[in-house]
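Q: Model the following, please.
(chains A, B and C, ligands or ions: 2)
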Amino acid sequence: MKLWELTAHQLAAAICRGETSAAEATEAYLERIQAVEGQIEAYLTITADLAREQARQVDARLSRGEQVGPLAGVPMALKDILCTEGVRTTAASRMLENFVPPYDATATARLRASGAVLLGKTNLDEFAMGSSVENSAYKQTYNPWDTSRVPGGSSGGSAAAVAAGEAAFSLGTETGGSIRHPASFCGIVGLKPTYGLVSRYGLVHFASSLDQIGPMTRDVRDCALVLQAIAGHDPLDSTTYQGQLPDYLAGLEEGVEGLRLGVAREYFGEGLDPRVGEAVRRAIGDLERQGAVVEEVSLPHSPYALAVYYTINPSEASSNLARYDGIGYGHRTAEATDLEELYRRSRSEGFGDEVIRRIMIGTYALSSGYYDAYYLKAQKVRTLIKRDFDQAFSQYDAIIGPVTPTVAFRVGEMEDPLAMYLSDIYLAPVNLAGIPAVSVPCGFVDGLPVGLQIIGPALSEARLLRIARAYERSHDYVRLPQLEVKDNG
Amino acid sequence: MARVWEAVIGIEVHAELSTRSKVYCGCANAFGAEPNTHVCPVCLGLPGSMPVLNRRAVEYAIMAALALNCQITAEGKFDRKHYFYPDLPKGFQISQYDTPIGHGGFVEIEDGGEVRPIGIRRVHLEEDTGKSTHDPVLGTLIDYNRAGVPLIEIVSEPDLRTAAQAVAYLSKLRLILKYLGVSDVKMQEGSMRCEVNISLREKGSDQLGNLVEIKNIGSFRGVERSIAYEIARQREILEQVGTIARETRGWDEANEVTVAQRRKEQASDYRYFPEPDLVPLRIDAAWQEKLRRSLPELPDAKRARWMREYGLPAYDAGRLVEAKATADFFDTAVSRGGDPKAVANWIIGELLRVVNLRGGAIEEMELADLPTSPEHLAAMLALLEKGTISSKLAKTVFEEMCDSGRDPETIVKEKGLVQISDEAELEQAVDRVLDENPRVVADYRAGKKGVAGFLVGQVMKATGGRANPQLVNELIRRKLD
Amino acid sequence: MKLSKEEIEHLAWLARLELNEEQAGRLAGQISRILDYVEQMNQLDTSDVPPTFHTLPELSNVFRDDIPDRSLSREKALQSAPARHQGYILVPKVRGGEPQ
Ligand SMILES: [Mg+2]
Ligand SMILES: [Zn+2]
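A: Numbers count the residues shown, from 1 in each chain, chains lettered A, B, ... in the order given. Ligands and ions are numbered 1, 2, ... in the order given. Presented below is the predicted three-dimensional model:
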């Protein structure tokens, strides 16, 4: 077995035991990137020198017998929307082509502190707006299971890197499904934590009331391990949860015996590819056989979730992206004869179509005379959506269903922005309610991965991971696709 | 028949709060540093940075609202106000829209001997912008040191009618904020700024005319002059049956005129919505009460107490209370044993004269900025009372106290200013003067008792002013009678 | 909800975006369709429903103490600025630069 084939927890243990070193692991990953990146295009920036230096430091500490963090020496990739001090952070936008943050995101800093080694920054849809990485201003990332297809998005680069063995794990971010969607398309585990569980400080803003950072990993144990490293109160993010957190690894193997699972009726309606539905139902049946109590549950307001989501999301985005004005940082136009022109040119040159579309919608929804009918109305319907979940969770420990209506689609296949928006149908309600959900691989359709979604009440991550693990251990799916390896010899 | 016009004036004041750090980040809140040295990801509005609210800024805003007799908003929040300007790094200002810290208050001003309440519509907390400097050759230079400094915006009701009332209102606001210690309120440094809204209507009408906003006013004098100018300008237009354009005008200090500012092609739309990166602000009764109890004595209460307890004349009390520095000076000097009336006289007569001479603006000063301390004045008054120094020399001692900042005992000792009350010593001086002035002595003895004053003066002169004049007088009379 | 050309232009101005003719036309169509879609929210009666601006319940009054913290070095603070001059961020001379 090659080093890059190990999961993060296996690799961390091997390094800790001295069976291999951080430097060897890092070189193995850099070689793997060299070999397959040409087909995948997962990275926007590769930080080979920095990675080698970090690995060297980990090995030095180990050789001195010093304490190291739980991810010591494990090579990782970060979505290029998380600030990394001294390393260009672009959000896949021309706007931030030359932006080098003078600070680390809290999640970045926590992973550095836990010993993880940064391989590079992964591709995404510009400012995380999209579900296919087709909106990246730089390049297309391809699905490692079929490189004519999209990896999902917006954290598509992170998902593809993990699936293709180009990183042991990665961080993605969600606003409306951007971790779970590509995790499902690429056949990896992706967790969207409870809003406020992971600090957003240093996460380039998209829609503040929805944004959340989460792990994207090869298996459920890795997911728990990474969550453990990044979760918890941050004095720099006022919206972080301040209470005590459980040990996410402790109860992982406890199984589902006696847990009550609700199958969301609305998630199996029109638009769901029946083969995806079948794979998901098979997985649910399996959990039932393991002792879970499975019943159907209704989330009656979920049909309105996308309408709410596509009001709140662009509204907050239009505000958050107002900071890109070509003054203090970011793209500034070469030609402007007055200040207004400098703003308008800089912004129009720096932003791609989807970003402009959202800014326009959001500006409309917040503008005088429309605020009540759009933004405020959406926040009220959001309450109804949240109440649906509260109601369901008074009877069930978790809700299960599909992650996406289809498996990965072909690059260029989805032309209509509205149709693309609608593929978030099973995802957005979770972000609106601020609750956690995990996507775990549950089979294949036409050789493409399908994800099982497990949704829980706020702060139930430990339980969700335990359910995901129960399913995972009974189905040893091939986690790494076969890729043609470029011979460098 | 000539039409009589009435101005309807409202004022918006922005005051920087004198917290140690900024309102949403830990950068130092300090004036006058090298450009862009008190900045961080938060106040630069860098991608990914997030605000965290400074508790003291909130408390200062609550204190200001309480002192202005406002209702406090129990369930509050912060909102984003969007507009584009180079000194606003995020493209929005984190402010408060529909839940200001305080609302529905008032302050009392005096106008022509009458007390007039001026409504306070709202007091809210927000962040300051950076500073743009326009260089004619290079362009705009931006310094973000000021970005994120806490500001309170105080909006009055349109209850003001004259330029004098406007100035009285601003003076009162400045005084209250100064007493609270929540702001430096220095117009020159920009820690207090104001915008005036003004419209004219025919007296007796309850209709409001079209509002004109005056910006860029940098001094109280500017407030007075710009309002006067604007009233005259609007009246002239209205009397020619023209209409006043609803617009923003800038005050041109040098030429003393208001000038229409470039009108935007389209109306602004601030697109307020609740700041999602900050959590709600709850100001419960207990917190409010704690802050209310912490409020210092405010000027009106102080003046009334001085008149009641010390019998100070209204004029004196009014003069002293008008600046926080003199009020503090008075209270401290009295608490150190100074006689209230004497302390008041020395402050009004001497201290303020010295401050004026040095070109200081007493309203903006702190106790520590004054040339001498209340402890030293109290000590000097004690020396005077004990007869250690003469009242004549006291002025010299006081001036020396102001010049050197030293205490009166040391000054008196070092400069040998102690009053001579020793009879034997004085007798020698008296004898010498009597010897040198035989004709005057003869006049006195011939019944011209008035010449004694001349002789006392000669003795004072001979002793460098240090002789105890009563004693000298007594000695002369004893010797000649 | 069909947005007019003027409305699109006004929004673009508010958002400080410069759109060419073709872009404006295409956006008008797309945005109108998206707005039509989101307007299905209006089928729900929300007159007694409070908005959910924050999903973390009961979180309020999160403060920092008024203690000055370290700022960035000027070099780091301005490292991504498009232009600077003697420690300032520089915006080249433009017409109509006065404050609003
Ligand atoms: Mg303001
Ligand atoms: Zn700062």
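Q: from chain C, which residue is nearest to chain A?
A: Residue of chain C nearest chain A, by Cβ to the nearest Cβ: C:Thr55 (2.5 Å). Glycine gets a C-beta too; all of them are placed from N, C-alpha and C.
Q: residue contacts, the residue most central in space within chain B?
A: When Cα atoms, centre = their mean is applied to chain B, the residue found nearest the centroid is B:Glu363 (2.7 Å). Neighbour list for B:Glu363: B:171, B:174-175, B:178, B:322-323 [criterion: Cβ atoms under 8 Å, 6 or more residues apart in numbering or on different chains].
Q: just B:Ile109 next, same as before
A: Contacts of B:Ile109 by Cβ under 8 Å, 6+ apart are B:115-116, B:118, B:165, B:168-169, B:172.
Q: gap between the closest residue to it other than its chain neighbours and B:Glu363?
A: Of all residues not flanking B:Ile109 in the chain, B:Ala168 sits nearest, at 4.2 Å (Cβ to Cβ, 6 or more residues apart in numbering or on different chains). According to Cβ to Cβ, to the nearest Å, B:Ala168 and B:Glu363 sit 13 Å apart.
Q: do you know how far the closest residue to chain C within the stretch 51-200 of chain A is from B:Val472?
A: Closest contact between the stretch 51-200 of chain A and chain C, by Cβ to the nearest Cβ, is at A:Pro102 (3.9 Å). Here A:Pro102 is placed at a distance of 77 Å from B:Val472 (Cβ to Cβ).
Q: Which one's more surrounded, those two?
A: B:Val472 (26 against 21; other Cβ atoms under 10 Å in any protein chain shown).
Q: residues contacting the residue of the stretch 251-400 of chain B found nearest ligand 2?
A: Nearest residue of the stretch 251-400 of chain B to ligand 2 (Cβ to the ion) works out as B:Asp277 at 14.6 Å. Taking Cβ under 8 Å, 6+ apart, we find B:Asp277 in contact with A:200, A:205, A:208, A:237-239, B:50-51.
Q: list the contacts for the closest residue to chain C within the stretch 301-450 of chain B?
A: In the stretch 301-450 of chain B, the residue that lies nearest chain C is B:Glu366 (19.1 Å; Cβ to the nearest Cβ). Applying Cβ under 8 Å, 6+ apart, one finds that B:Glu366 lies in contact with B:324-325.
Q: And A:Gly326, by the same measure?
A: Counting by Cβ under 8 Å, 6+ apart, A:Gly326 makes contact with A:332-333, A:342-343, A:345-347, A:350, C:82.
Q: among those residues, who's most crowded?
A: Neighbour max across those (other Cβ under 10 Å) = A:Arg347, 28 neighbours.
Q: That one belongs to a strand, doesn't it?
A: No. Read with DSSP: H, G, I helix; E, B strand; the rest coil, A:Arg347 is helix and lies in no strand.
Q: For it, give me its contacts.
A: By Cβ under 8 Å, 6+ apart, A:Arg347 lies in contact with A:95, A:324-326, C:15-18.
Q: if we go to 7 Å?
A: A:324-325, C:16-17 (Cβ atoms under 7 Å, 6 or more residues apart in numbering or on different chains).
Q: Could you check how far it is from ligand 2?
A: According to Cβ to the ion, to the nearest Å, A:Arg347 and ligand 2 sit 25 Å apart.
Q: got the phi/psi numbers for the residue nearest to A:Gln54 when sequence neighbours are not counted?
A: Counting by Cβ to Cβ, 6+ apart, A:Gln54 lies nearest to A:Val117, which is 4.5 Å off, once chain neighbours are set aside. A:Val117 adopts backbone torsions of phi -110, psi 130, taken as degrees, to the nearest 10.
Q: And the one 3 residues further on, by the same measure?
A: When quoted as degrees, to the nearest 10, the phi and psi of A:Gly120 stand at phi 170, psi -170.
Q: Of all residues in chain C, which one is nearest the centre?
A: Relative to the mean C-alpha position of chain C, the nearest C-alpha, by Cα atoms, centre = their mean, is the one of C:Ala15, at 6.8 Å.
Q: I figured that residue was touching A:Tyr364, is that so?
A: No. The criterion here is Cβ atoms under 7 Å, and C:Ala15 misses it with A:Tyr364 at 9.4 Å.
Q: follow-up on the earlier one: got a pLDDT number for the residue of chain C closest to chain A?
A: pLDDT recorded at C:Thr55 is 92.
Q: What is the neighbour count of it?
A: 20.
Q: So, low pLDDT: which residues of the chain?
A: The chain I'm using is chain A. A:477-478, A:486-489 (pLDDT under 70).
Q: actually chain C
A: C:1, C:94-100.
Q: And the strands in it?
A: C:63-64, C:84-85, C:88-92 (DSSP state E).
Q: Tell me which of those sits most buried.
A: The highest mean neighbour count among those, using mean count of other Cβ atoms under 10 Å in any protein chain shown, belongs to strand C:88-92: a mean of 22.
Q: Residues contacting that strand, please?
A: Residues contacting strand C:88-92 (Cβ under 7 Å, 6+ apart): A:327-328, B:35-36, B:86, B:138-143, C:78, C:81, C:83-84.
Q: What's the ChimeraX line that selects buried ones from those residues?
A: Applied in ChimeraX, the following selects the buried portion of the contacts of strand C:88-92 according to 16 or more other Cβ atoms under 10 Å in any protein chain shown:
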select /A:327,328 /B:35,36,86,138,139,140,141,142,143 /C:78,81,84
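Q: Looking at the contacts of strand C:88-92, which are in strands?
A: In strands, judged by DSSP E, the following of those are found: B:139-143, C:84.
Q: Check the residues you listed and tell me the two furthest apart.
A: Pairwise distances across the ones in strands among the contacts of strand C:88-92 (Cβ to Cβ) peak at 13.9 Å, for the pair B:Gly139 and B:Asp143.
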